[in-house]
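In: show me how the following folds:
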Amino acid sequence: MTTLAADTVGPARLVAVGTPEQPPLCGLLVDAGKLDTSDVDRALRLQREQADWERIGSILVKLGLVSERDVADSLASQLNLELVDRSEYPDERPDGTEVTERFLKKNKALILDENDDTLSVVMADPLDDYVIDALKLRSGKSVAPRLGVPSEIEYALEQLFDGKNGAPGSAGTDVVAAQYLDDVEQLKELAGEAPVIKLVNQLIHRAAESGASDIHIEPFEGQLKVRYRIDGLLREVDSPPMQSAAAVISRVKIMANLNIAERRLAQDGRFKQRVRGVEYDLRVSTVPTMYGESVVMRLLQRDAVAMDFVSLGFNDSQVKAMHDVLATPHGILLVTGPTGSGKSTTLYAALTHLNQPERMIITVEDPVEYNIRGINQMQVKPQIGLTFANALRSIVRQDPDVIMIGEMRDTETAQIAVQSALTGHLVLSTLHTNDAAGSVMRLLDMGVQDYLLTSAVTAIQAQRLVRTLCTECREEYTPIDEVVERWGLDRFADDGNITLYKPVGCERCGGIGYSGRLAILEILMMSNEIRDLVLKRCDVGDIARLAAEQGMITMRDDGLQKAAAGLTTIEEVLRVTPEPATGKDGGGA
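Out: A predicted model of the protein is given here:
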């Protein structure tokens, strides 16, 4: 049972008693894997050094070590109190409530319900006896305190009293953005204010908790829009008021070490942020638009990236094909697809498979997304002349066994990659094409000679990412005969009975019906027959048809097979896959 004692510093309140080395709250967060002991030591040291007393949970949140919800969950467990969900907050003030707005906002308290005897109150600090006693005196009723997430309480209070479409922590930033656009020093001061810092931290923390890969902050006329990219699709979230746009964008640029005075040119930067005890790398890109700068932050969590083919969605035959390709001592493996199709992640999985002490591996990337122990990774810097082509010329003299090129962007890079493959190196790279067969034509268009291409390229893999169904709420159904015939689904059922699944939505998946993504792919092996077609300059359709005859499963068919297995939906597969270059539909019907 938790022991409670009066705190002698600051306002009279009750706090959980623990050891100076590790208070109970910190102990719970450490046990839950949200913190390590070095984080606790750092926070306690700051607490002792501060002139004004501050709760350890608040300090941990400000340092970005944990989220507000992590602290609230641990407090609820420690104090045996219920954590009130945001959906339970009232849309209107309970009738008869006479507590002032100023008091509630200052103490982060929200009245949930009121009857003849009791006032039910959700509080950021349900052990604050000063607030509880004041509410008792004001209402003449007993007070039932409940625990809430501070930012959610602040947001609810803003909605109740002001009706603003703001976001937690945006109070105090109601300054017209244009007022500061020409005054860099004032802009720095505004971006350094506590409400702005808290707001940006909350945007990042909520994105990480939602599993978002990107945060989009976009100014429009009279509106600052914030969207998270979750499982490949954008979702709009509660946005700060337009008045805070300059401060919010400047805060992000300061964190990424960008020039806040430069708003006419695009800029790129990066910074690190700890969320719930996990360190994220955030890549920041800014571009000028009509109504201000648009900012995109990409969240990269090293430990969460699947570094093996099975976790990415490869089936057994696809894994074997990739292992066979990677076992060749030289040649080129190309991974193709549009931006955001998981090409880089597939290459990292390949590098992880190849990463052995007897191999020398060098990568040239823009940017280096994840560091892999034992691999030499190089970041290109075009501004100083370190391009893909120049970097490749240098690293071939390092005698590597494996070279990974982040992207073949130009003719020079492609030609050097081909020469490297022909001189005994295994080369991995990406290319932007719609399918595997189209990559051959793309390389020819880039100026690579056909006889060099056929000698150097070993295999081409094309892929897309589809959302996976939430296993908690997916619902099975039997498709109509027309759908089965249209897509040839009977190929994927041994007993002739086809069962598909559709998304429903539950608490686990946030009501979407999908959770996570997997790859659907096709692997074109460069056989002698396909090499002959390339030398004859046959079109993409001919190459794709021959590859299919030799056993290549197209992306669409791979997706349909995974839909029949209950991993995704037909709608997802059709959304991301191009029509097969063979000119046939999935089932050939």
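
In: what is the least confident helix or strand in the protein?
Out: strand 4-6 (a mean of 34; mean pLDDT, DSSP states H and E).

In: what values do phi and psi take at Gln383?
Out: Main-chain torsions, Gln383, degrees, to the nearest 10: phi -70, psi -20.

In: nope, Ser429 is what I meant
Out: When quoted as degrees, to the nearest 10, the phi and psi of Ser429 stand at phi -160, psi 170.

In: run through the residues that contact the closest residue in space to it that isn't next to it in sequence.
Out: Once flanking residues are discounted, Ser429 sits nearest to Ile405: 4.0 Å by CB to CB, 6 or more residues apart in numbering. Backbone N, C-alpha and C define where each C-beta goes, glycine included. Residues in contact with Ile405 (CB atoms under 8 Å, 6 or more residues apart in numbering) are 363-364, 388, 392, 413, 417, 427-430.

In: how about a cut-off of 10 Å?
Out: Residues in contact with Ile405 (CB atoms under 10 Å, 6 or more residues apart in numbering) are 332, 334, 347, 362-366, 380, 388-389, 391-392, 395, 413-414, 416-417, 420, 427-431.

In: residue ranges with poor pLDDT in the protein?
Out: Within the chain, the ranges that satisfy pLDDT under 70 run 1-23, 51-52, 62-64, 94-97, 162-193, 276-277, 302-306, 496, 580-589.

In: find the residue at the geometric middle of it.
Out: The centroid of the chain falls nearest to Ser213 when counting by CA atoms, centre = their mean (1.8 Å).

In: pretty sure that one is touching Gly340, no?
Out: Yes. Using CB atoms under 10 Å, Ser213 is in contact with Gly340, at 8.2 Å.

In: list residues touching both of the two?
Out: 229, 232.

In: phi first, then psi, for the most far-flung residue of the chain relative to its centre.
Out: Using CA atoms, centre = their mean, the residue of the chain lying farthest from its centre is Gly140. It sits 48.9 Å away. In terms of degrees, to the nearest 10, the main-chain angles of Gly140 are phi 70, psi 20.

In: so what's it up against?
Out: By CB under 10 Å, 6+ apart, the residues touching Gly140 are 117, 119.

In: ok so, going back, what does the nearest residue to the residue nearest to the centre of the chain once chain neighbours are set aside show for phi and psi?
Out: Nearest non-adjacent residue to Ser213, counting by CB to CB, 6+ apart: Arg229, 5.2 Å away. Dihedral pair for Arg229: phi -90, psi 110, per degrees, to the nearest 10.

In: give me the beta-bridge partners of Arg229?
Out: Note on Arg229: beta-bridge partners Asp214, Leu234, judged by DSSP bridges.

In: how close does it get to Ala414?
Out: Distance, Arg229 to Ala414, using CB to CB, to the nearest Å: 30 Å.

In: comparing those two, which shows the higher neighbour count?
Out: Using other CB atoms under 10 Å, the more surrounded residue of Arg229 and Ala414 is Ala414, with 25 against 19.

In: which helix or which strand is home to the more buried one?
Out: helix 411-422 (DSSP states H and E).

In: equivalent analysis for Arg264, please.
Out: Per DSSP H and E, there is no helix or strand for Arg264.

In: the one 10 residues further on too?
Out: Counting by DSSP H and E, the element that carries Arg274 is strand 267-275.

In: same thing with Glu218?
Out: Assessed by DSSP H and E, Glu218 sits inside strand 212-220.

In: in that strand, what's buried?
Out: By 16 or more other CB atoms under 10 Å, the buried positions in strand 212-220 come out as 212-219.

In: re the thing from before, roughly how far does the residue nearest to the centre of the chain sit from Val71?
Out: When distance is defined by CB to CB, Ser213 is 25 Å away from Val71.

In: do the same with Asn390
Out: Per CB to CB, Asn390 is found 49 Å from Val71.

In: these two: who's more crowded?
Out: Neighbours were counted for Asn390 and for Val71 using other CB under 10 Å; Val71 has more, 24 against 18.

In: contacts only, for the nearest residue to that one once chain neighbours are set aside.
Out: Closest residue to Val71 apart from its sequence neighbours, by CB to CB, 6+ apart: Gly57 at 4.0 Å. With contact set as CB under 10 Å, 6+ apart, Gly57 has these partners: 23, 25-26, 29, 43, 66, 68, 70-72, 74-75, 124-125, 150.

In: just checking, which of these belong to helices?
Out: Among the contacts of Gly57, the members falling in helices (DSSP state H) are 25-26, 29, 43, 68, 70-72, 74-75, 150.

In: highest neighbour count among those?
Out: When those are compared by neighbour count (other CB under 10 Å), Leu29 ends up highest, at 27 neighbours.

In: from Ala43, how far out is the nearest residue in space to that residue that is not next to it in sequence?
Out: Distances taken as CB to CB, 6+ apart place Leu35 nearest to Leu29, at 4.4 Å, with adjacent residues excluded. Distance, Leu35 to Ala43, using CB to CB: 8 Å.

In: same question for Ile132.
Out: Counting by CB to CB, the gap from Ile132 to Ala43 is 27 Å.

In: likewise Gln383?
Out: Noted for Gln383: a distance of 39 Å to Ala43, by CB to CB.

In: repeat for Ala563
Out: Note on Ala563: its distance to Ala43, by CB to CB, is 48 Å.

In: likewise Gly140?
Out: 40 Å.

In: then Asn201?
Out: Separation of Asn201 from Ala43 (CB to CB): 15 Å.

In: circling back to that earlier point, would you turn the buried residues of strand 212-220 into a markdown table with distance to Tyr370?
Out: A markdown table is the format used below for these (distance: CB to CB, whole Å):
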| residue | distance to Tyr370 |
| --- | --- |
| Ala212 | 18 |
| Ser213 | 14 |
| Asp214 | 16 |
| Ile215 | 19 |
| His216 | 22 |
| Ile217 | 24 |
| Glu218 | 27 |
| Pro219 | 31 |
